[in-house]
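Trainee: I need the structure of the sequence given here:
(one chain, ligands or ions: 2)
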Amino acid sequence: IRTRHWRRLGTIENSFREGGDSRSRDTSWQRIITCAVLGVTGSLIAGFLVLHQSGDGMVVLAAQDETLDHRFYQVPCSEDYNNHRRFAGCTPRRCGRAVSDAVITRQEAEKMLRVAEAGFSLGGSDGGASILDLHSGALSMGKHFVNMYRYFGEKLHEILTEEDFQLYRELRLRIQSEIARTFNINASSLYLTKPTFFSRMNSSAAKTTHDEYWHPHIDKVTYGSFDYTSLLYLSDYSRDFGGGRFVFIDTVSNSTVEPKAGRLSFFTSGSENLHHVEKVQWGTRYAITISFTCDPDHSIEDPTWM
Ligand SMILES: O=C(O)CCC(=O)C(=O)O
Ligand SMILES: [Fe+2]
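Mentor: Ligands and ions are numbered 1, 2, ... in the order given. Here you go, the predicted structure:
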């Protein structure tokens, strides 16, 4: 029902615009009909927004208890992309946010969750946020990071298998195709970039600034090379953890994507998509941030078993 409402909103917005144009052809009947149509569509939009707002006034783009095939919400692109080299066929011309529960299966997410749990079992932050980066080997450890490939050496073979790396690569490729399809760009002009990492968040008090995952930020500003950000969730909001919703911060109202195991959320990385993660209140939240750039100079290889 929600999906249908969402699609209908697009249609309503279009009819709104067409309604506006027709006002210039002004017979009084046309004006009366136009006013009536505007009134009805206005209340429908208001109704829609009420329907999709959670108790705290947040618009819910994707609720944990729904399964979405594909939902896209377009937003105007920011100027950020003009401050960097532009790449034809890749640099965003169409910006927005997408959510799909149909790209990655729950079983695949469960496998990745096991990889995350195994990796984090070797270390983890003293505060509320740990990261594990298969590319650089960075793993949170107490108040610092270690290079797990160097630190654990051969012992890692007992924890991370060749198969885990293969699955990671397979999911990454699928996500890349989905981004390309959604934003109408070439999948081959998109490159994996860093940082790309597993995250584990809980309600422990922050011990260093690295634990403060809840600050609003713009990925392109924070990480530079990002053009498209994707997030793959490995656990369920309200079942595995409380708080910890992903929030897009907009001028009129904020909107949330509630994490769900296997849910893929992706968006253009500029300031059109300012966001943050709410503080986790209880439980543990696992996700993977997989980032893409249009700039081949910033591309990184898939991690391999060294
Ligand atoms: O885990 C999330 O939902 C978002 C993480 C994030 O904003 C980031 O990695 O830049
Ligand atoms: Fe982010």
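Trainee: Going by C-alpha atoms from here, please, whenever you check contacts or count neighbours.
Mentor: OK.
Trainee: got the residues of the stretch 201-306 of the chain near ligand 1?
Mentor: Applying Cα under 6 Å from any ligand atom, one finds that the stretch 201-306 of the chain approaches ligand 1 through 219, 246, 276-277, 287, 289.
Trainee: nearest to residue 118, of those residues?
Mentor: residue 287 (14.0 Å; Cα to Cα).
Trainee: Tell me how many other residues crowd the closest residue to residue 260 other than its chain neighbours.
Mentor: Nearest non-adjacent residue to residue 260, counting by Cα to Cα, 6 or more residues apart in numbering: residue 236, 4.2 Å away. Residue 236 sits with 22 neighbouring residues when counted by other Cα atoms under 10 Å.
Trainee: returning to that earlier point: just the ones of the residues of the stretch 201-306 of the chain next to ligand 1 in helices?
Mentor: Counted as lying in helices by DSSP state H, out of these, are residue 219.
Trainee: from what I can see the residue nearest to residue 260 touches residue 65, true?
Mentor: No - Residue 236 lies out of contact with residue 65 (Cα atoms under 8 Å); the separation is 9.3 Å.
Trainee: Can you tell me the strand partners of the top strand by length along the chain and which way each runs?
Mentor: Longest strand in the chain, counting residues (DSSP state E): strand 191-201. Paired strands of strand 191-201, with direction, are strand 129-132 (antiparallel), strand 285-293 (antiparallel) (DSSP bridges).
Trainee: export the ones you listed to JSON lines and tack on mean pLDDT and mean neighbour count?
Mentor: What follows is those, written out as JSON lines (pLDDT from 0 to 100; neighbours: other Cα atoms under 10 Å):
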{"stretch": "strand 129-132", "mean pLDDT": "96", "mean neighbour count": "27"}
{"stretch": "strand 285-293", "mean pLDDT": "98", "mean neighbour count": "24"}
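Trainee: So for residue 104, which of the ones you listed sits nearest?
Mentor: So among the strands paired with strand 191-201, strand 285-293 is nearest, using Cα to Cα, at 12.5 Å.
Trainee: what does the closest one contact?
Mentor: 113, 116, 172, 176, 190-202, 225-237, 240-241, 244, 299 (Cα atoms under 8 Å, 6 or more residues apart in numbering).
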